[in-house]
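Participant: Just a sequence and a predicted model for now, questions to come.
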Amino acid sequence: MEKPLPSDYLNFREYLRDAFSAEKKAKRYFSHAYLAKVCGFGSTGYIKMVIDGQRNLSAKSIHKVAQAFGLAKKQSAYFETLVFLNQAKTESERETFRERLLALMPKRPKLAGLAKDKYDYFTKSYYAIIREMVALPNFNEDPQWIAKQISPIISPLQAQRSLKTLLDLGLIERTKTGKLVQTDKVISTPEEIQSREVFQYHSQMLDRAKEALTTIHEDLRHVTALTLPITFETLPLLKEKIQELREAVLHAVNTGDANFDEVYQLNIQCFPVTKISDRMRLKP
């Protein structure tokens, strides 16, 4: 069995699950009790509770766990950052550790030109938000104004770079009078942008949704959930229905000459909340 590496994961608990299984098969002595001893855990079942999401790793224990699994310096740094990211409690903390994690990810060929612009668009959630802000009647092109309208606040330089990227990608354009407007252009996810980067975008938006539960008045948001049993044969139909809903929402919002008030984020998720079989589980 090939030894799992933290850099292949976006959830440290999943890495620990697979790494523990691999180590246990390779070394007879490797067990929950062994890890508790070498890492200084008070309970022999502590690492299992961490894997199951019932406990967290402290900053002190992260290094000990990395040593127990024989991680080299770079993989140990990635593992530490991943733990901090997964356990972060605020959006600002998550953003900090996301950036750090991206810097630690295995390097791929350097992107340039439009490829780099597409990468930025798909990995920085505020790019899409600024594009939609352009449609607001009170939109102000001033980077300082834009930066203050986004939550969490970005820097004016980030806002300025976003406008340039959106113009270069053809997602917004200037009218003859110099006003910025949206275009109908749609860009697809380029090959250079892999699942990790797509993860970053969706992770940011899910974090924003969680924050909205406690920071936005219920009259200005809507959160609903549905838990139900399904067959795997039903899943394609559910995905089709969700796509139809997305198209219906877009049609309803864009019908007529709307005088928009705010930019909203609509997240729709469908995922298992019970243990799925190993044949259906994929690494992130």
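Facilitator: Thanks, I have it.
Participant: Touching stretch 260-280 from outside, list them.
Facilitator: Identification of contacts with stretch 260-280 by CB atoms under 8 Å, 6 or more residues apart in numbering yields 129, 132-133, 135-137, 205-206, 208-209, 227, 232, 235, 238-239, 242, 245-246, 249. Just so you know, the C-beta spots here come from the backbone N, C-alpha and C atoms, and that holds for glycine as well.
Participant: buried stuff in that stretch?
Facilitator: Within stretch 260-280, the residues that qualify as buried are residue 263, counting by 16 or more other CB atoms under 10 Å.
Participant: for stretch 91-111, same thing?
Facilitator: For stretch 91-111, using 16+ other CB under 10 Å, the buried residues are 91, 94-95, 97-98, 100-101, 104.
Participant: do stretch 120-138 as well
Facilitator: Quick answer for stretch 120-138 (16+ other CB under 10 Å): 120-131, 133-135.
Participant: which secondary structure element contains residue 233?
Facilitator: Secondary structure assignment for residue 233, by DSSP states H and E: no helix or strand.
Participant: Next, give phi and psi for it.
Facilitator: Main-chain dihedrals, residue 233, degrees, to the nearest 10: phi -70, psi -20.
Participant: switch to numbering from 458
Facilitator: From this message on, residue numbering opens at 458, which makes the last subject residue 690.
Participant: All the helices of the stretch 458-607 of the chain, residue numbers only.
Facilitator: Ranges of helices in the stretch 458-607 of the chain, per DSSP state H, counting those that start in this stretch, are 469-483, 489-496, 503-508, 516-525, 530-544, 548-561, 570-580, 582-590, 600-606.
Participant: lowest-confidence stretch among those helices?
Facilitator: Lowest mean pLDDT within those: helix 570-580, a mean of 72.
Participant: Please export the C-alpha coordinates of that helix as CSV.
Facilitator: The C-alpha coordinates for helix 570-580 follow below in CSV (Å, rounded to 0.1, in the frame of the first residue of the first chain):
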residue,chain,number,x,y,z
GLY,A,570,-1.3,35.7,-19.1
LEU,A,571,-4.9,34.6,-19.3
ALA,A,572,-4.2,31.3,-17.6
LYS,A,573,-3.0,33.2,-14.5
ASP,A,574,-6.1,35.5,-14.7
LYS,A,575,-8.4,32.4,-14.8
TYR,A,576,-6.5,30.9,-11.9
ASP,A,577,-7.1,34.0,-9.8
TYR,A,578,-10.7,34.2,-10.8
PHE,A,579,-11.4,30.6,-9.7
THR,A,580,-9.4,30.7,-6.5
